[in-house]
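**Student:** Quick one, structure for this:
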Amino acid sequence: STAGRMPEWEHKIVDSSLVVSYADGVGPLPEEMESRITSPDDVMRYAKILGHHGRRLPDSFLPLLVGQDRHFVELAHHLGGRLPSFIEESMTNPEVAYRYAKNILKRRLPESVERVFESNPRYAVAYAFEVVRAFSSPRLSDSLHNALAMHSFRHPDDGEIKRYFGEVERCSKEVV
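**Tutor:** Numbering: from 1, shown residues only. Below you'll find the predicted structure:
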């Protein structure tokens, strides 16, 4: 539909943010105009516009969002669930990975993505108890478990890390 559009002027709108502002007024754009949307923030603005029109963001935009953790939870909601693996694999923010696993996936992340927690014991422990544990042991992958062990040596009074190792030990005794 061209309702509200000005096709004779559209070729002059070349700036990514202006293209999205135009879309905000006229709705979904033709592919030729979409190709001018080049920044991750503008892509997410455009995704919202498309969502208001019952449309999904074209897959051609997804490579622009690799490594853009701040958009991952919102993007997953827009896509209706799990992110494509190439976007999941680009996660670097432990808080985003935790929120994504807990609220979107509702299960464990791939082990290669879990490594994001190695630098953050707070989110590693929260992930262990609120995502991994479910109804079993909160035992994390070997690399993440070992990273928490290293943190426990540097921070021996950390109650959350102590709780994690206590639960892992308790659950391993129940299995025997």
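
**Student:** Report the rounded mean pLDDT for the helix or strand hosting D24.
**Tutor:** Using DSSP states H and E, the element containing D24 is helix 16-26. Averaged over helix 16-26, pLDDT sits at 96.

**Student:** repeat for stretch 86-95
**Tutor:** Stretch 86-95 comes out at a mean pLDDT of 97.

**Student:** Then stretch 118-134?
**Tutor:** 92.

**Student:** ok, residues contacting it?
**Tutor:** 94-95, 97-98, 101-102, 105-108, 114, 117, 138-140, 143-144, 147-148, 151, 155, 158, 160-161, 163-164, 167 (Cβ atoms under 8 Å, 6 or more residues apart in numbering). In this view, the C-beta of every residue, glycine as well, is placed from N, C-alpha and C.

**Student:** next one: stretch 48-64 to chain centre, how far?
**Tutor:** Once both centres are worked out by Cα atoms, centre = their mean, to the nearest Å, stretch 48-64 turns out to sit 16 Å from its chain's centre.

**Student:** For the residue nearest the centre of the chain, pull up the helix or strand it's in.
**Tutor:** Geometric centre of the chain, nearest residue: F72, 3.1 Å, by Cα atoms, centre = their mean. If you go by DSSP H and E, F72 is part of helix 72-79.

**Student:** Neighbours of G81, how many?
**Tutor:** 9 (other Cβ atoms under 10 Å).

**Student:** excluding its backbone neighbours, what's nearest it?
**Tutor:** Spatial nearest neighbour of G81, chain neighbours left out: I104 (6.6 Å); criterion: Cβ to Cβ, 6 or more residues apart in numbering.

**Student:** Any idea how far the longest helix belonging to the chain is from the middle of the chain?
**Tutor:** The residue-count maximum for a helix in the chain (DSSP state H) belongs to helix 159-175. Centroid separation for helix 159-175 versus its chain: 28 Å, with Cα atoms, centre = their mean.
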